[in-house]
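[1] From the sequence below, what's the structure:
(one chain, ligands or ions: 1)
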Amino acid sequence: MSQKTTIRKLAELVNTPVEKLLEQLSEAGMPFRDADEEVTSAQKIKLLGFLRRAHGRGDEAAGETAAPKKITLKRRQTEEITVGGGKNKQTVDVTVRKKVVLARKPAPGGAAAAAAEKKIVPVDDEHAEILRKLEESKRRNLEEQQRLAEADRRRAEEAEAERQRADEAARRATEAAAATAEPEISEAPAVRKPAPNANAAPAAPRVVRPEPARDDRKGHKSRGSHAMVSGVEDDDSTARFAGQLHLSAADRARRGVSRGKSRGRRVEQSRSGGGEHGFQRPTEKIVREIAIGEAITVGDLAQKLALKGGEVVKALFKMGVMATITQTIDHDTAVLVTEELGHKAMRADAGDAETELLAHVEDRQGEANSRPPVVTIMGHVDHGKTSLLDYIRRTKVATGEAGGITQHIGAYHVETSKGVISFLDTPGHAAFSQMRARGARLTDIVVLVVAADDGVMPQTREAIQHARAAKVPLIVAVNKIDKSSADPMRIKNELLESEVVAEEFGGDTQMVELSAKTGQGVDDLLDAISLQAEVLELRAVDEGRAAGVVIESALDKGRGPVATVLVQQGRLAKGDYLVCGVQYGRVRALFDETGRQVPSAGPSIPVQVLGLSGVPDAGDDFVVVADERLAKDVAQQRDAKRRETRLMKQAGNRMEDVMAQMGQGAAQQQLNLVVKADVQGSVEALREALTALSNEQIRIHVIGSGVGGITESDAQLAATSKATVIGFNVRADASARKVIEGNGVDLRYFSIIYDVIDQVKQVASGLLGVEIREEIIGIAEVRDVFRSSKFGAVAGCMVVEGVVRKSKPIRVLRDSVVVFEGELESLRRYKENVDEVKEGTECGIGVKAYNDVKAGDQIECFERIEVQRTL
Ligand SMILES: Nc1nc2c(ncn2[C@@H]2O[C@H](COP(=O)(O)OP(=O)(O)OP(=O)(O)O)[C@@H](O)[C@H]2O)c(=O)[nH]1
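    Below is the predicted model:
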C-alpha cells in the first residue's frame with residue numbers, strides 16, 4: 001500500500017484547495033513546501049487520522065451531517081474510499097480481508113448526527129471499538145518503546161559516567177600510591193607529582209584530594225540516586241530508574257571486574273607492544289620435565305608429555321620398540337623415548353602422592369575420645385557363629401522403620417545399655433589375614449564360639465592362634481547350653497590345653513555360657529564385651545577427616561561400586577573426597593546396616609559408601625582428603641604401582657623367560673603349559689602339536705589340560721609349576737583370575753590354533769619377533785535379554801570390567817567358554833547410541849548376527865595388539 005500521489009492531485013481528489021491541504025498536512029506534522037511533492041499512502045492515513053482527531057475536538061458535528069454513515073469493504077480488495085464531506089472529503093487506499101461495515105461514532109451533542117447514527121450503531125459500534133482499541137494499543141506501544149529507548153539512553157549515560165568516575169578514582173589511587181612511594185613532594189602538601197610511568201604520557205601534577213574531599217566523594221556516592229534521578233523528568237521514569245539503580249549496582253560490580261580485566265589486558269598489551277593480539281604462539285619449544293616410575297603405559301607417558309599417543313608410538317617405533325598406546329613400557333625405555341622427544345625425565349618417587357597423603361593424615365588433630373569396640377566372631381564350623389550374630393542383629397540392631405529389615409553389609413553396630421558395639425560379619429580368617437597383612441588392628445576383641453555339646457575342635461584352636469598372633473583379647477562364648485548334652489565345664493577344661501584360662505580358674509579370659517537359639521546369656525556376652533572394651537581403653541579422634549578400612553565391596557546394579565567401610569578415625573561424611581585402595585571418589589551417600597541414609601559415621605561405625613570410582617578390595621584402607629586432585633593422584637599412583645608389581649612378578653614367569661635361559665647351559669630347558677580349550681578335539685590337537693615342538697634345547701611339557709573354563713585349580717597348578725596357561729576359546733573365572741594376578745601367572749588367550757602353535761614355536765626356536773596378542777578391554781555381564789522386532793535380541797548388560805567399545809570386536813562367553821565371536825550391532829545407553837560404556841554402567845548391547853544371547857552370558861570386548869617379544 002505504498003501508492004504515491006502529489007499534493008495537487010490529492011487536493012483535486014478530496015476537492016480541497018491546495019493551500020488548505022498543505023496547511024492541514026503541516027498541522028498534521030508533515031510540512032510540504034510544494035504542491036507537486038509526493039504524498040505517500042502512510043502520510044495520507046496520518047493526515048486522515050489527524051483530521052479525524054481534529055473533528056472530534058471541535059467542528060465534527062458540522063462535518064458529520066454530510067459524512068457517509070456507512071462504509072462497506074469487500075473481502076481482499078484494495079479500494080479507494082472517501083471519508084469526510086465537503087471540505088474534509090478525502091480519499092484513501094484501503095486493503096480489506098473481509099466485508100465489514102464501518103461507521104463513525106455519533107458526535108457528542110450532535111443531535112442530527114445522533115439521529116442518523118441510530119440506524120447503523122448495532123453493526124458498527126463493535127468494529128469501531130475494535131479499531132479504536134487497536135489504535136490505542138499502537139499508540140501505547142509506541143510510547144512504551146520511546147520510554148524504553150529513553151531509559152536505555154539514560155542507562156548508557158549513567159554507565160559511562162560511572163565508568164569515568166571509577167577510572168578517575170583508580171587513577172587517583174594509583175597516583176596517590178605512586179606519590180607515596182616517591183618521597184619527593186612538591187611545595188603544596190596537597191599537590192603531589194604523579195609516579196613516573198614509562199607508558200604514560202607526561203601529565204601535569206594532579207591534586208590528590210584530602211580526606212574531607214574523599215568523604216565528600218562518598219557523600220556524593222551515597223547521594224548517587226538523587227544525583228542521577230535529578231536528570232529524570234517524570235515520576236514513572238523515576239520509579240523505573242530507581243529499579244534500574246539496583247541493576248546498575250550489579251552491573252557496576254560486573255563492569256568493575258571486566259574493567260579490571262580489560263585494564264589488565266591493556267597493560268599486558270602495552271607491554272607486549274601496543275594493540276597486538278593478546279595471545280602469541282610460543283616460538284620456543286616447551287621442555288617438560290616428567291617423573292616416570294618403574295613402568296608406564298605409552299598413553300600415560302604421552303599425556304604427561306602433552307603429546308598425542310601416536311607421536312610417542314612413532315618415536316618408540318623409530319627406536320625399534322613396537323608398542324601400542326595401551327601397552328606398558330619399562331622405566332628405561334620411557335626415559336629414552338622422553339629424551340628422544342626432547343623432554344627431560346626423572347625417576348618418580350613412588351611415595352610422592354603417598355607422602356602428601358601421609359602428611360595429610362598426620363595433619364589430623366583433635367582430642368581422642370573413647371570409641372566402641374569392634375568385634376569379630378570366630379569358631380569351628382556349626383558351633384553357632386551365624387546363629388549368634390543373627391540373634392544379636394535381630395534383637396539389638398535398631399531397625400528404624402516398619403518391618404525393620406536389616407541389610408547384610410558385612411558389619412553392623414548394636415546399642416547396649418553399656419554402649420555401642422560393632423560386629424564384623426565377615427569370615428573371621430579373612431578379617432585377620434587382611435589385618436595382619438596391613439599391620440593394623442581392625443578387630444579389638446575376638447568372640448570365640450565353642451559349642452557346649454561338642455568341644456574344642458581344630459578351627460577353635462586355629463582361631464585362638466590367630467587372636468594371639470594379632471594380640472587381640474578373646475572372650476569365649478560357650479554356646480548351645482540349652483541342649484541337654486551341653487557340658488560347659490568340659491569346654492573350659494579343654495581350653496586350658498590351648499592356654500585359654502577362664503577367670504573362674506584364675507585366668508584372664510571371660511567365658512560366657514549362652515544359647516544363640518533361645519538368647520539366654522547373650523546380654524551377658526554383650527556386657528563382657530563392654531567390660532573388655534573398657535579395659536582396652538579404646539580411643540579415637542571422632543572429628544575431622546576420616547580414615548578406616550574396607551570390609552566388603554561389590555558392584556551394585558544401578559548404584560555402581562558399593563563399599564562397606566569401618567571408620568577408624570575421624571568422621572566420614574557425605575560429600576567427602578576419599579582415596580580407597582586404588583579407587584577414589586566423593587561420598588555420594590552413606591547407609592547404615594538398616595539401609596537408612598546417614599549424614600556421617602564416626603569411629604568404629606560401619607557404613608556403606610556410594611560414590612567410588614571403582615570397586616575397592618576388602619582390606620583396602622581409605623582416607624578422606626581435602627580435595628579430589630590428591631585423591632585421584634594417590635589412587636592413580638597406587639594403581640600404577642600395583643600394575644608394576646604385577647608386571648615384575650610376571651617377569652620371571654613369562655613363556656619368553658625360558659628363551660632367555662636357552663643356550664646358557666647344556667641342560668635342556670622346559671616350558672610348562674596348562675592348556676584349556678572349549679572342545680576336546682582342540683585340547684587333543686593342541687596337546688599333540690605343542691609337545692611336538694620340543695627340540696634339543698627345550699622340552700614343551702603340557703602339565704595340565706582339559707575342556708572348559710580356566711578354574712582356580714588350573715591357576716594354582718600353573719602358579720606352582722611356573723607354567724603358562726593357554727586358554728583356547730575359554731576364559732579364566734573370577735577366582736582363577738585372582739590366583740593368576742596374585743602369582744603373576746602368564747595367561748594367554750587364543751582363538752586360532754595356528755596362533756598358539758606359532759607363538760610356542762617361536763619361543764622354542766628362540767626367535768624374537770612380533771607377537772599378535774589379544775587384549776580384553778572390557779567385559780559386560782548380560783543381566784536380561786529383550787527382544788525387539790527392530791533390533792532383534794538386545795542384551796541388557798552391566799559393564800563389570802574395563803570399557804566396552806562399539807568399534808571393537810566382541811565375543812560372547814557362556815560359562816567361561818566362547819560361544820560366539822563377532823561384532824556389535826548396537827551399543828546404547830537409555831535409547832541413545834553411544835561409542836563406549838565404562839565399568840559400573842548399564843547398557844544395551846545388540847550383537848550382530850547373533851540372537852542367542854542369554855542372561856548370565858558375558859560379552860567381552862577385545863582388541864588385537866602387536867607386541868614386540870623381549871627377553
Ligand atoms: N540348640 C541350639 N542350636 C544352636 C544354637 N546355636 C546354633 N545352633 C544350631 O547349630 C547349627 C549351626 O549353627 P550356625 O550358626 O550355622 O553355625 P556356624 O558356626 O555359623 O556354622 P558355619 O557358618 O558353617 O561355620 C544350626 O542348625 C543352628 O540352629 C544354640 O544355642 N542352641
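[2] Now name the helix or strand holding the residue of the stretch 701-850 of the chain found nearest the ligand.
    Closest contact between the stretch 701-850 of the chain and the ligand, by C-beta to the nearest ligand atom, is at residue 735 (19.7 Å). C-beta: built from backbone N, CA, C; applies to glycine. Secondary structure from DSSP states H and E places residue 735 in helix 734-743.
[3] List the buried residues for that helix?
    736-737, 739-741, 743 (16 or more other C-beta atoms under 10 Å).
[4] that older thread, these two touch, right, the residue of the stretch 701-850 of the chain closest to the ligand and residue 713?
    No - counting by C-beta atoms under 8 Å, residue 735 stays clear of residue 713, with 9.4 Å between them.
[5] what's the pLDDT at the residue of the stretch 701-850 of the chain closest to the ligand?
    Turning to residue 735, the model gives it a pLDDT of 84.
[6] Contacts only, for it.
    711-712, 715 (C-beta atoms under 8 Å, 6 or more residues apart in numbering).
[7] Backbone torsions only: list them for the residue lying closest to residue 602 once chain neighbours are set aside.
    On the basis of C-beta to C-beta, 6 or more residues apart in numbering, the spatially nearest residue to residue 602 that is not a chain neighbour turns out to be residue 542, at 4.5 Å. Phi and psi for residue 542, reported as degrees, to the nearest 10, are phi -110, psi 20.
[8] Equivalent analysis for residue 452, please.
    With angles defined as degrees, to the nearest 10, residue 452 shows backbone torsions of phi -70, psi -20.
[9] how about the residue lying closest to it once chain neighbours are set aside, what does it touch?
    Of all residues beyond its chain neighbours, the one nearest residue 452 is residue 486 (3.7 Å), with distances taken as C-beta to C-beta, 6+ apart. Listed by C-beta under 8 Å, 6+ apart, the contact partners of residue 486 are 452-453, 480.
[10] Give me the domain ranges for the chain.
    7-52, 289-347, 367-540, 542-650, 668-767, 770-868 (the TED database).
[11] Need the winner for burial among the ones you listed.
    Stretch with highest mean neighbour count among the domains of the chain: domain 542-650 (a mean of 20; mean count of other C-beta atoms under 10 Å).
[12] Tell me the secondary structure of the closest residue in space to residue 582 that isn't next to it in sequence, please.
    Nearest non-adjacent residue to residue 582, counting by C-beta to C-beta, 6+ apart: residue 639, 4.1 Å away. Following DSSP: H, G, I helix; E, B strand; the rest coil, the label given to residue 639 is helix.
[13] ok, back up a step: looking at the domains of the chain, which is nearest to residue 147?
    Counting by C-beta to C-beta, residue 147 lies closest to domain 7-52 out of the domains of the chain; the figure is 20.0 Å.
[14] thought residue 299 was touching residue 309?
    Yes - the pair residue 299 and residue 309 qualifies as a contact (C-beta under 8 Å) at a distance of 5.2 Å.
[15] Export the contacts of residue 486 as JSON lines, with columns for distance to the ligand.
    As requested, the contacts of residue 486 are exported to JSON lines (distance: C-beta to the nearest ligand atom, whole Å):
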{"residue": "452", "distance to the ligand": "8"}
{"residue": "453", "distance to the ligand": "8"}
{"residue": "480", "distance to the ligand": "4"}
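[16] Redo the residues you listed as a markdown table? Include distance to residue 463.
    Supplementary listing: these in a markdown table, determined by distance: C-beta to C-beta, whole Å:
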| residue | distance to residue 463 |
| --- | --- |
| 452 | 17 |
| 453 | 18 |
| 480 | 17 |
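[17] Can you pull the residues of the protein lying near the ligand?
    When proximity is defined by C-beta under 6 Å from any ligand atom, the chain lies next to the ligand at 379, 381-387, 479-480, 482-483, 515-517.
[18] circling back: got a pLDDT number for the residue nearest to residue 602?
    Residue 542 is assigned a pLDDT of 85 by the prediction.
[19] wait, what's in contact with it?
    Under the criterion of C-beta under 8 Å, 6+ apart, the neighbours of residue 542 are 366, 369, 371, 570-571, 602-603.
[20] same deal with residue 865?
    Contacts were defined as C-beta under 8 Å, 6+ apart; by that measure residue 865 touches 324, 326-327, 772-775.
[21] average pLDDT for the helix or strand where it lies?
    Using DSSP H and E, residue 865 maps to strand 858-868. Mean pLDDT, strand 858-868: 83.
[22] now do stretch 572-592
    Mean per-residue pLDDT for stretch 572-592: 91.
[23] got the CA positions of that stretch in CSV?
    Coordinates of the C-alpha atoms in stretch 572-592 are reproduced here as CSV (Å, rounded to 0.1, in the frame of the first residue of the first chain):
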residue,chain,number,x,y,z
LEU,A,572,33.2,-39.8,57.4
ALA,A,573,30.5,-37.6,55.9
LYS,A,574,28.6,-37.2,52.7
GLY,A,575,30.5,-35.1,50.2
ASP,A,576,33.9,-36.1,51.5
TYR,A,577,36.6,-36.9,48.9
LEU,A,578,38.4,-40.1,49.7
VAL,A,579,41.0,-42.4,48.3
CYS,A,580,40.3,-46.1,48.9
GLY,A,581,42.9,-48.5,47.8
VAL,A,582,43.4,-47.8,44.1
GLN,A,583,40.0,-46.2,43.9
TYR,A,584,38.9,-42.7,44.7
GLY,A,585,35.7,-40.7,44.7
ARG,A,586,33.4,-38.4,46.6
VAL,A,587,30.9,-39.8,49.1
ARG,A,588,27.6,-39.6,47.3
ALA,A,589,25.6,-41.3,50.1
LEU,A,590,26.1,-43.2,53.3
PHE,A,591,23.9,-46.0,54.5
ASP,A,592,23.8,-47.8,57.8
